[in-house]
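Chemist: A predicted structure for the sequence below; I have some questions about it.
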Amino acid sequence: MDIDVEKINGLRQGIIPFHEPGLQQLVHAHNGQTLTFTTSMFDAVEWSDTILICVDTPPNQDGSADLRAIETIVRDIATQASSYRLVVSKSTVPVQTGQRIADTLKRHGKPGIEFDVASVPEFLREGNAVEDTMRPHRIVLGAETNRAIEQLRTLFQPFSAPVIVTDVTTAEMIKHASNSFLATKISYINAIANICEAVGADVTVVATAMGLDPRIGEHFLDAGVGYGGSCFPKDVSAFIHVAQDVGYDFDLLRSVQNINARQKHGVAVKLEQAIGQLRGKSIALLGLAFKADTDDIRESPAIAIGEDLLNRGALVRAYDPASMENARRVFGDRVQFGRDVYEAIEGADAMVAVTPWPEFDDLDWPTVHRLLKGSVVLDGRNIWNPAVVRAAGLTYLGVGR
Ligand code: UDX
């Protein structure tokens with residue numbers, strides 16, 4: 001159920017409103033059968049035993065989470081449910097929101113109707129959503145009654161993954177702790193990358209060697225231009241806020257945020273060091289999405305980098321395989337767009353890769369050399385082999401190598 005009529009009508013016809021590998025096939029396979037779409041809250045509530053709340057919780061001005069969408073939905077569920085319902089929060093919410101949901105249900109529910117509240121945090125990654133959903137690494141079921149736990153166990157029974165059954169508050173904390181830890185890992189390796197650059201070491205080798213220690217693990221140690229997306233930036237600030245509300249100053253996470261901000265803004269600085277003042281220079285920006293395999297540009301480092309370049313008076317021509325339409329809404333005609341990598345780089349003084357799209361992996365470097373006016377290739381995601389780029393007569397700059 002969604003209140004967006006256009007989205008629901010589209011979904012009924014199998015039109016997926018965003019780019020997500022494998023999702024279209026999955027929806028097609030079940031549409032109109034085990035999967036139906038509605039804009040009617042009444043029908044949705046009437047029809048279900050378990051209700052999963054998946055609305056967004058955008059950040060308020062002060063970094064705390066805006067829970068208005070959740071509040072509205074919970075109130076509707078409360079006033080419309082005619083018998084027991086299990087209300088599950090899948091949205092990322094501040095710890096103790098479960099208690100708030102329970103209070104709202106109690107306040108607005110019809111007399112004699114019982115509710116249970118659960119927290120089943122979502123760990124899927126954009127661009128990998130179907131795979132992560134079908135083959136999760138763990139399933140966390142946070143609930144307070146046996147009835148709720150049994151109902152959730154049945155719902156998640158088809159998935160083979162370790163199941164952690166716990167209380168609602170602990171489940172909510174698991175989500176905060178996991179996402180903030182991943183963001184911390186990224187900022188940590190980005191800090192290491194900056195030191196590597198200063199001392200002449202290679203962060204990619206450092207990360208590989210670190211990752212072989214199972215206590216550290218190989219994932220999320222890719223240095224780059226910083227993390228983005230609809231989750232990490234928002235979740236880290238929300239967690240700082242949650243901690244502050246209970247009297248704990250989470251200064252570690254504030255540093256994680258600062259390192260990430262510096263990493264994004266470091267790109268323009270690095271370019272300036274390489275080619276001088278950016279005013280009037282043309283820069284090709286490869287990638288706009290916050291990561292590959294998505295058209296999502298929310299909090300994308302590419303957008304911040306684009307703005308930095310424009311603020312310094314550079315002319316920017318961008319290319320992204322999936323998110324140019326979204327980026328056009330942000331940049332308007334302040335940025336030009338190329339139809340492919342080669343059109344984007346033609347005549348540019350430098351090129352910068354900010355999203356690791358697989359199609360950027362194997363560029364024809366002699367052609368790049370011919371098309372670029374300048375020679376600087378700034379690889380913001382360490383996707384290219386420096387030796388290959390240099391062999392084509394170009395100047396390679398990576399992150400921490
Ligand atoms: C994240 C969590 O991974 C997921 O578990 C949670 O449910 C939602 O938030 P997502 O935002 O889709 O998922 O993307 P993710 O793959 O985690 O990447 C987030 C950002 O970190 C991207 O900008 C990515 O480029 C960056 N990143 C990731 C790095 O800079 N280095 C890495 O090593 C990994």
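Modeler: Everything's here; your move.

Chemist: Going by C-alpha atoms from here, please, whenever you check contacts or count neighbours.
Modeler: Noted.

Chemist: ok, so what distance separates residue 175 from residue 265?
Modeler: 28 Å (C-alpha to C-alpha, to the nearest Å).

Chemist: Looking only at neighbour counts, state which of those two leads.
Modeler: Taking neighbours as other C-alpha atoms under 10 Å, residue 175 and residue 265 compare with residue 175 leading, 24 against 19.

Chemist: The more buried one falls within a strand, correct?
Modeler: No. Secondary structure of residue 175 (DSSP: H, G, I helix; E, B strand; the rest coil): helix, not part of a strand.

Chemist: Contact partners for it?
Modeler: Residues in contact with residue 175 (C-alpha atoms under 8 Å, 6 or more residues apart in numbering) are 92, 121, 122, 123.

Chemist: Equivalent analysis for residue 228, please.
Modeler: Counted by C-alpha under 8 Å, 6+ apart, residue 228 has contacts 290, 291, 298, 299, 300, 301.

Chemist: Could you rerun that using 10 Å?
Modeler: For residue 228, the contact set (C-alpha atoms under 10 Å, 6 or more residues apart in numbering) comprises 183, 234, 260, 264, 289-291, 296-304.

Chemist: so residue 20 is in which element?
Modeler: If you go by DSSP states H and E, residue 20 is not part of any helix or strand.

Chemist: quick one: it and the ligand, what's the gap?
Modeler: 11 Å (C-alpha to the nearest ligand atom, to the nearest Å).

Chemist: so who does that residue touch?
Modeler: With C-alpha under 10 Å, 6+ apart, residue 20 has these contacts: 126, 127, 128, 129, 130, 293, 294, 295, 296.

Chemist: Report the contact partners of the fifth one.
Modeler: The reference is to residue 130. Residue 130 makes contacts with 20, 21, 22, 23, 24, 26, 124, 136, as judged by C-alpha under 10 Å, 6+ apart.

Chemist: Pick out the most distant pair among those residues.
Modeler: Across the contacts of residue 130, the longest distance by C-alpha to C-alpha is 19.6 Å; it joins 24 and 136.

Chemist: What parts of the stretch 51-200 of the chain come near the ligand?
Modeler: 122, 123, 124, 125, 126, 179, 186 (C-alpha under 6 Å from any ligand atom).

Chemist: mind redoing it with 8 Å?
Modeler: Contacts of the stretch 51-200 of the chain with the ligand, taken as C-alpha under 8 Å from any ligand atom, map to 122-129, 178-179, 182-183, 185-186.

Chemist: Three-state assignment for residue 294, please.
Modeler: coil.

Chemist: quick one, what contacts it?
Modeler: 18, 19, 20, 21, 126, 127, 128, 288, 321, 322, 323, 357.

Chemist: Quick check: it vs residue 317, distance?
Modeler: 20 Å.

Chemist: Look at residue 113 and tell me its secondary structure.
Modeler: State at residue 113, reduced to three classes by three-state DSSP: coil.

Chemist: circling back: out of the contacts of residue 175, who's the most crowded?
Modeler: Sorting these by how many neighbours each has (other C-alpha under 10 Å) puts residue 92 first, at 27 neighbours.

Chemist: Now do the SS call for that one.
Modeler: Look at residue 92: counting by three-state DSSP, its state is coil.

Chemist: So it sits against residue 177, correct?
Modeler: No. The criterion here is C-alpha atoms under 10 Å, and residue 92 misses it with residue 177 at 11.5 Å.

Chemist: got any residues that touch both of these two?
Modeler: residue 235.

Chemist: quick one: pLDDT of the spatially closest residue to residue 83 that is not a sequence neighbour?
Modeler: The spatial neighbour of residue 83 that comes closest, neighbours along the chain excluded (C-alpha to C-alpha, 6 or more residues apart in numbering), is residue 113 at 5.5 Å. In this model, residue 113 is scored at 97, pLDDT.

Chemist: number of nearby residues for residue 113?
Modeler: Residues lying near residue 113 (other C-alpha under 10 Å) number 14.

Chemist: Residue 85 is in contact with that one, correct?
Modeler: Yes. Applying C-alpha under 10 Å, one finds residue 113 in contact with residue 85, separated by 8.5 Å.

Chemist: residues bridging contact with those two, i.e. touching both?
Modeler: residue 78.

Chemist: pretty sure residue 6 is in a helix, no?
Modeler: Yes. Counting by three-state DSSP, residue 6 is found in a helix.

Chemist: Can you report how many residues lie near it?
Modeler: Using other C-alpha under 10 Å, residue 6 has 12 neighbouring residues.

Chemist: Likewise for residue 248?
Modeler: So residue 248, with other C-alpha under 10 Å, has 11 neighbours.

Chemist: Distance of it relative to the ligand?
Modeler: Per C-alpha to the nearest ligand atom, residue 248 is found 24 Å from the ligand.

Chemist: tell me the SS of that residue?
Modeler: Applying three-state DSSP to residue 248 yields a three-state assignment of coil.

Chemist: just to revisit the earlier point, among the contacts of residue 20, which one is most surrounded by other residues?
Modeler: residue 296 (25 neighbours).

Chemist: Contacts only, for the nearest residue to it once chain neighbours are set aside.
Modeler: In space, residue 296 comes closest to residue 289 once its chain neighbours are excluded; the distance is 5.3 Å by C-alpha to C-alpha, 6+ apart. Residues in contact with residue 289 (C-alpha under 10 Å, 6+ apart) are 228-229, 295-303, 320-324, 326-327, 354-357.

Chemist: Just the ones of these in helices?
Modeler: Of those, the ones assigned to helices by DSSP state H are 301, 302, 303, 324, 326, 327.

Chemist: now the strands for the stretch 251-400 of the chain?
Modeler: Using DSSP state E, counting those that start in this stretch, the strands of the stretch 251-400 of the chain run over 282-286, 315-319, 336-337, 350-353, 376-379, 395-397.

Chemist: quick one, which of these is packed in tightest?
Modeler: strand 282-286 (a mean of 27; mean count of other C-alpha atoms under 10 Å).
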